[in-house]
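# Here is a sequence together with a model predicted from it:
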Amino acid sequence: MNFDFKIPVNVAFGAGKLSTVGEYTKQYGKKALIVTTGPFFKESGLIDRIQGYIKEAGISSEYFLEVSPNPHRSEANVGIELAKKMGCDVIIGLGGGSAMDAAKCIAVGVAQKDDIWPYWMGEKDIFAALPIIAITTTSGTGSHVTRYSVITNDETLEKPGAGSEFMYAKVAIVDPELMLTVPKAITAATGFDVLAHSIEAYTCNDAIPFTDLYCEQAIRLTGKYLPIALADGSNLEVRENMALADTYAGYSITAAMVTLCHGLSHVVCGIGNLVHGTSLAALTPASMRHSMSANPEKYKNIGCWLKGMDSVPADWTTEDSVKVVEEFISAIGLNVPLGKQGIKESDFDRIIEETMGYMGGACDCDPAEISAADIRKVLEASI
Ligand SMILES: [Fe+2]
């Protein structure tokens, strides 16, 4: 055994924790930029609440609402210019992964003072960022505890994820009360992202004993609580447990990695603007079938943990695990093939090239060898 494990994020977890945002933010700056997606959180009063807590702590704030789901390079650039103009020295990401990823990108862009794109394409190493506070409102993308930020290039539709120690949030506020009103479709898609993170981090080449523990718990919690969250989203205990699963899975992907399935998801979402979690649901079964012979014991565990079983029966197979995952996808209403999400067979060549290109790191971390023919087979089974 030989590994490093460090996740330098102060996790403030629990109902009501939002009220601590002012106290935390004042430790890192004098003027905050709150970054979020669309007008919803302004209209719902959440931004006013946060600005109130920040003001009580004696610091000022501005907000930037122009972030799309699958946030764009152009939007991040507008946020960077706004932060500079307003003299903001701490960035607060409020929302799901899109808002938090955009906040991280803005924090890097302001601190580094040059074009962010070469850093997202892996051509240069990120060297600085303003302090980041992440407030997650979904469960989730894990972005509140990861070093990753995924941004889409408006012109080329490439959707790379950059990773850097500098993009860890100083504080991640996980307040399940904020999740009680998340709509069903978002609960299902983000909840499946949690499962995909756990499956991929557990089976990837960079998995370590710490991440294996987190992955097991994240898979068990998602199997138990995501269907209940869909039936009764207003149940605080259920939302707490999905927030915990999301945080465990975030720890897992940041300390380990994702694999082929996330590599493919980034590319298809960049090309077709798909919903991240829904694209993962379409791609996960075939990705598992491709890779499961590389580590059968781990793939057997996944299905048993998702079903809440204490041990793996002697006659349990890797295919049994994939069937459990498929049943789960149907049960949460995400059984939507890629073809019904807007991807066409004529897109395959480009998807294969980009998955092996700018998302090649995810392919390299897959437990199985990945060739162009392998990716085509996964796409054909997922369309
Ligand atoms: Fe993800």
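Everything's here; your move.

# how much space between the spatially most central residue of the chain and residue 247?
Nearest to the geometric centre of the chain sits residue 141, at 2.6 Å (Cα atoms, centre = their mean). Separation of residue 141 from residue 247 (Cβ to Cβ, to the nearest Å): 11 Å. In this view, the C-beta of every residue, glycine as well, is placed from N, C-alpha and C.

# about what we covered before: how about the contacts made by the residue nearest to the centre of the chain?
96, 97, 100, 101, 190, 193, 246, 250, 276 (Cβ atoms under 8 Å, 6 or more residues apart in numbering).

# hmm, try it at 6 Å
Contacts for residue 141 (Cβ atoms under 6 Å, 6 or more residues apart in numbering) come out as 97, 193.

# Repeat that for residue 118.
residue 124.

# again, but for residue 168
8, 9, 147.

# Check which residues of stretch 18-38 are buried.
Buried residues in stretch 18-38, counted by 16 or more other Cβ atoms under 10 Å: 18, 20-22, 24-26, 28-29, 31-37.

# Looking at those, which is nearest residue 265?
residue 37 (18.9 Å; Cβ to Cβ).

# Assumed residue 36 was part of a helix.
No - looking at residue 36 with DSSP: H, G, I helix; E, B strand; the rest coil, it is strand, so not inside a helix.

# can you list the contacts of residue 168 in JSON lines and add pLDDT and neighbour count?
Below are the contacts of residue 168 laid out as JSON lines (pLDDT from 0 to 100; neighbours: other Cβ atoms under 10 Å):
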{"residue": "8", "pLDDT": "96", "neighbour count": "10"}
{"residue": "9", "pLDDT": "98", "neighbour count": "20"}
{"residue": "147", "pLDDT": "97", "neighbour count": "22"}
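
# domains of the chain?
10-179, 184-382 (automatic domain parsing).

# of those, which approaches residue 3 most closely?
That would be, of the domains of the chain and by Cβ to Cβ, domain 184-382, which comes in at 4.2 Å.

# got the end-to-end distance for the closest one?
23 Å (Cα to Cα, to the nearest Å).

# And stretch 353-366, by the same measure?
First-to-last residue span, stretch 353-366, Cα to Cα: 17 Å.

# starting at the chain centroid, how far to the lengthiest helix in the chain?
In the chain, assigned by DSSP state H, the helix with the most residues is helix 209-231. Taking Cα atoms, centre = their mean, to the nearest Å, one finds the center of helix 209-231 at 15 Å from the center of the full chain.

# And the helix or strand following it, what's buried?
With elements assigned by DSSP states H and E, the helix or strand that comes after helix 209-231 is helix 236-255. Neighbour-count burial for helix 236-255 flags 238-255 (criterion: 16+ other Cβ under 10 Å).

# Residues touching the longest helix of the chain, excluding its own?
Taking Cβ under 6 Å, 6+ apart as the rule, helix 209-231 contacts 5, 184, 187, 191, 194-195, 198, 201-202, 238, 241-242, 245, 248-249, 251-252, 255-256, 305-306, 308, 331.

# still on that earlier bit, mark which of the buried residues of stretch 18-38 are part of strands, please.
Here DSSP state E is the test, and the buried residues of stretch 18-38 give 31, 32, 33, 34, 35, 36 as lying in strands.

# which residues in the protein form strands?
10-13, 31-36, 60-64, 90-95, 132-136, 148-150, 161-163, 171-174.

# Partner strands of the first one, with direction?
Right, strand 10-13. strand 171-174 (parallel) (DSSP bridges).

# mind exporting the strand it pairs with as CSV, just the C-alpha atoms?
Coordinates of the C-alpha atoms in strand 171-174 are reproduced here as CSV (Å, rounded to 0.1, in the frame of the first residue of the first chain):
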residue,chain,number,x,y,z
VAL,A,171,-15.3,25.9,3.1
ALA,A,172,-18.1,23.7,1.8
ILE,A,173,-21.5,24.5,3.3
VAL,A,174,-23.8,21.5,3.0
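
# so residue 283 makes contact with residue 266?
No - with contacts counted by Cβ atoms under 6 Å, residue 283 stays clear of residue 266, the gap being 10.8 Å.

# on that earlier part again, out of the strands of the chain, flag the one nearest residue 123.
Comparing the strands of the chain by their distance to residue 123 (Cβ to Cβ), the top pick is strand 161-163, with 10.5 Å.

# Show residues contacting that closest one.
By Cβ under 6 Å, 6+ apart, the residues outside strand 161-163 that reach it are 119, 120, 147, 148, 149, 150.

# Which of these sits closest to residue 54?
Each of the contacts of strand 161-163 was scored against residue 54 by Cβ to Cβ, and residue 149 proved nearest at 22.9 Å.
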